[in-house]
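>>> need a structure here:
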Amino acid sequence: MSVLGSYRLRLRRQRLLARAFLHRNELKPVVNRMGGVRPEPMLLFTCLRNEKVRLPYFLRYYRDLGIDHFLIVDNDSDDGSREYLARQPDVSLWTTRASYRRARFGMDWLTHLLRHHGHGNWCLTVDVDEFLIYPFCETRPLRALTDWLDASQIRTFSSMLLDMYPKGPVQDQPYREGQNPFEIAQWFDSGNYTIARNWAFGNLWVQGGPRTRSFFADDPKRAPALNKVPLVKWHRSYAYVSSTHMLLPRGLNLVFDEWGGEKASGCLLHAKFLDTFALKAEEEMARGEHYADSREYRAYQQQLKEQPDLWCKWSEKYINWRQLEILGLMSKGNWA
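Okay, here's the model as predicted:
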């Protein structure tokens, strides 16, 4: 990259950090328990609204992986999410009624929390419907992965967002609060993905899967991106650019091997397609707080009226992380 290009990215990063500083006053602490957290904790950051039905399993899943503390921004929930989270002993909670869209879809708020609480620690930034799968995750805690990353002097860990879905119409299988969502959404697309190099930021841009073929078949380039860098050894000078798809400085996005090998990577199992999704799409359309005037949710809402079945004859039933590695969706790299 040219000197001018590098300078422009540096300026962009400074603007992102400045935005986070300006939006910090929109956050009001509900409960801050960071004072009692162990040294060098594993931290999880998320921003949510009206996700009470998902929270019990989400918290349990990541506690089992080894997350020590959750730092959560509640964007004016009215379904009991805020009250439920405030009672959890390993949660620090902030609330805001400010615009999600104007806060860069919540990333300005999370960047502020990452700067002040994540510096020097491994931080996982995910949505409440995203569940990290990494090599050996069934037998090794998340700290085993980050210890290996530290020993290998690797600062980031990439994961492909893998959309999971049920067999049959999404609305036909009710989801219970606290239930493992993958008892219902057991299937995924093993192929049907496109990969392009984003030269400006140095990352790979991945699209495809059931959302592309079912909701964006007429214009697949407008389908959501599936590449993410959710796990980072955070430094206060870092900033996410677009959700968790890419970061600055640019070198943090070099999560693939350009010389023919494989770097370790994971998947984020995406439990979006449950029976709660239709109501969520309606709510988000009404709020108009999502990217590109909620274009993505508009596509969902139009198709959901027809009660689509995302399953097809090429769908694969999820077994474990080794299956995903065999299919080329993730890799253990040289972590043995």
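>>> the residue sitting nearest the centre point of the chain - nearest residue in space that isn't next to it in sequence?
Per Cα atoms, centre = their mean, the C-alpha nearest to the average position across the chain is that of Val126, at 3.3 Å. Closest residue to Val126 apart from its sequence neighbours, by Cβ to Cβ, 6 or more residues apart in numbering: Pro230 at 5.4 Å. (C-beta placed from N, C-alpha, C; glycine too.)
>>> contacting residues for that neighbour?
The contact partners of Pro230, by Cβ atoms under 8 Å, 6 or more residues apart in numbering, come to 124-126, 130, 132, 157, 159, 244, 268.
>>> let's go with 7 Å and repeat that
Residues near Pro230 by Cβ atoms under 7 Å, 6 or more residues apart in numbering: 124-126, 132, 159, 244, 268.
>>> let's see the pLDDT reported for it.
According to the predicted model, the pLDDT of Pro230 comes to 98.
>>> sheet partners, orientation included, of the host helix or strand of it?
Taking DSSP states H and E as the criterion, the element that holds Pro230 is strand 227-233. For strand 227-233, the pairing partners within the sheet under DSSP bridges are strand 122-125 (antiparallel), strand 156-163 (antiparallel).
>>> for those strands, give me CSV that also has mean neighbour count.
As requested, those are arranged in CSV below (neighbours: other Cβ atoms under 10 Å):
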stretch, mean neighbour count
strand 122-125, 24
strand 156-163, 24
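>>> adding distance to Trp205, write those strands out as TSV.
As requested, these are arranged in TSV below (distance: least, Cβ to Cβ, whole Å):
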stretch	distance to Trp205
strand 122-125	19
strand 156-163	11
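>>> what's the closest of those strands to Asn50?
Distance to Asn50, taken as Cβ to Cβ, is lowest for strand 122-125 among the strands paired with strand 227-233, at 19.8 Å.
>>> for the longest helix belonging to the chain, packing partners?
With residue count as the measure and DSSP state H as the assignment, the chain has helix 3-23 as its longest helix. Helices and strands touching helix 3-23, by 3 or more Cβ pairs under 7 Å, 6 or more residues apart in numbering; DSSP states H and E, are helix 107-113, strand 239-240, strand 247-248.
>>> tell me the mean pLDDT over it?
Mean predicted lDDT for helix 3-23 stands at 94.
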